[in-house]
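1. Got a predicted model here, sequence first, then my questions.
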Amino acid sequence: MQVCLASTSPARLMLLRQAGIEPLTIASDVDEDAAIVAAEEEAGRPLTPEEHVLLLAQAKAAAVAEGLAITHPDFTGIVIGGDSMFELDGQIFGKPHTPEAATERWLHMRGQAGVLHSGHSVLLVQQGAVVDAADDIAEATVHFVADISDEEIAAYVATGEPLEVAGAFTVDSLGGAFIDRVEGDPSTVVGMSLSTVRVLAARLGISWPSLWNRL
């Protein structure tokens, strides 16, 4: 049973490897902004965080599965798509991209708690064709330390780590020292809930141990 991760995220790849899975990794190249705009126009309202991450997870998995039918026509296994966003005080935060935005977020987040929403889409593919799908959302509440100083924030932002991650923080690297605790599945905050992916695989009739290929 093969596994394809519809992402080139180092964090998601690390999670799967730690779980005994060496996946094929393919970037989805989904135009996320266009997908969200189209969905909101169709709904006639802004998407909720849950709808947002699930829509993009599904879009990424579907795009990669479609490409597999051409590049890997014999692929038989699952394609995993995921997306995450951070919610704090009713505001939604994706990747900050700039040092200024990352600094502003950390000044706002210190001493606070927010929710990391993570969408998951798992497609069952047989000989290049999608035959079934299962989706779900995982959430984890992240509590940030209150005593992180302006100097520590500046030093953390200067590393570049928070610029390209949802919410401007990591829990498994340099940012972990500034997080007081996590309520929920910790892997959700890293980028993908392994327990959720296992449940989705089971819904598709796949035993999790059957995916282990790097023990």
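-> Arrived safely. Numbers count the residues shown, from 1 in each chain.
2. and the longest helix along the chain, which residues are buried?
-> Ranked by residue count under DSSP state H, the longest helix found in the chain is helix 49-71. By 16 or more other CB atoms under 10 Å, the buried positions in helix 49-71 come out as 49, 51-65, 67-68. Where you see a C-beta, it was placed from the backbone N, CA and C, and this is true even at glycine.
3. now do stretch 84-95
-> Within stretch 84-95, the residues scored as buried using 16+ other CB under 10 Å are 84-88, 92-93, 95.
4. what do you get for stretch 107-122?
-> For stretch 107-122, burial by neighbour count (16+ other CB under 10 Å) applies to 108-110, 114-122.
5. The residue nearest to W208 when sequence neighbours are not counted: neighbour count?
-> If the residues on either side of it in the chain are set aside, W208 comes closest to R198, at 4.7 Å by CB to CB, 6 or more residues apart in numbering. When counting by other CB atoms under 10 Å, one arrives at 17 neighbours for R198.
6. what about R198, which helix or strand?
-> Using DSSP states H and E, R198 maps to helix 194-203.
7. How far away from the center of its chain is that helix?
-> Helix 194-203 has its C-alpha centroid displaced from the chain centroid by 15 Å (CA atoms, centre = their mean, to the nearest Å).
8. I would like the residues contacting it, please.
-> For helix 194-203, contacts defined as CB atoms under 8 Å, 6 or more residues apart in numbering pick out 15-16, 19, 78, 80, 118, 120, 122, 134-138, 185, 187-188, 207-208, 211.
9. rerun at 6 Å
-> Here helix 194-203 makes contact (CB atoms under 6 Å, 6 or more residues apart in numbering) with 19, 120, 122, 134, 136, 138, 185, 187, 208.
10. now stretch 41-57
-> When contacts are defined by CB under 6 Å, 6+ apart, stretch 41-57 is touched by residues 32, 39-40, 81-83, 85, 87, 92, 117, 119-121, 135, 137.
11. same check, this time on stretch 204-215
-> Stretch 204-215 is contacted by residues 1, 3, 20-22, 124, 132, 134, 198 when judged by CB under 6 Å, 6+ apart.
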